[in-house]
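Peer 1: Here is my input, please return the structure:
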Amino acid sequence: MHNSEIPLVAATRLLNKSKSTFIELLKHGSLSVELYKPRKVDNQQPHDRDEVYVIASGMGTFFNGARRVKVKKADFLFVAAGVEHRFEKFTADFSTWVFFYGPVGGEVSNV
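Peer 2: You can find the predicted model right below:
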């Protein structure tokens, strides 16, 4: 096991022992870092801040707005505030890092 895997293993063990699907590991300013491990069905609702997912383990499908994409470990996903999204058809070992940041309503795009 690599040293970089230790936080993931510890957080996954905590989640497996609890009924919660997520655990917050860091809160700093507007940044919140969580590990999320849905159980059978992902019942997420749109969030009020922008978020980034980095798949920690497993694989599945990600629905984001009107798009569906296959995801696997190390994939990076962005979801703007207020957009409907969820993980579907994910493996039993699926988990993802979640990074919430910025103001309520999301950041203004410069594009």
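Peer 1: Which stretches in the chain count as helices?
Peer 2: All helices of the chain, identified by DSSP state H, fall at 6-17.
Peer 1: What separation is there between the spatially most central residue of the chain and residue 38?
Peer 2: The residue lying closest to the centre of the chain (CA atoms, centre = their mean) is residue 98, at 3.6 Å. Computed as CB to CB, to the nearest Å, the residue 98 to residue 38 distance reads 11 Å. Where you see a C-beta, it was placed from the backbone N, CA and C, and this is true even at glycine.
Peer 1: Report the helix or strand with the lowest average pLDDT across this structure.
Peer 2: Of all helical and strand segments in the chain, the minimum by mean pLDDT, DSSP states H and E falls on helix 6-17, at a mean of 65.
Peer 1: about what we covered before: quick one: contacts for the residue nearest to the centre of the chain?
Peer 2: 22, 32, 33, 34, 35, 36, 51, 52, 53 (CB atoms under 8 Å, 6 or more residues apart in numbering).
Peer 1: which one of these sits closest to residue 110?
Peer 2: residue 52 (17.1 Å; CB to CB).
Peer 1: correct me, but the closest one touches residue 80?
Peer 2: No - checked against CB atoms under 8 Å, the pair residue 52 and residue 80 is beyond contact range at 10.7 Å.
Peer 1: what ranges do the strands span in the chain?
Peer 2: Here the chain has its strands, by DSSP state E, at 22-28, 31-36, 50-57, 59-64, 67-72, 76-79, 85-88, 95-101.
Peer 1: which stretch among those comes nearest residue 107?
Peer 2: Here strand 50-57 is closest among the strands of the chain (CB to CB), at 5.8 Å.
Peer 1: could you flag which of the contacts of residue 98 are buried?
Peer 2: Buried subset of the contacts of residue 98 (neighbour count, 16 or more other CB atoms under 10 Å): 22, 32, 33, 34, 35, 36, 51, 53.
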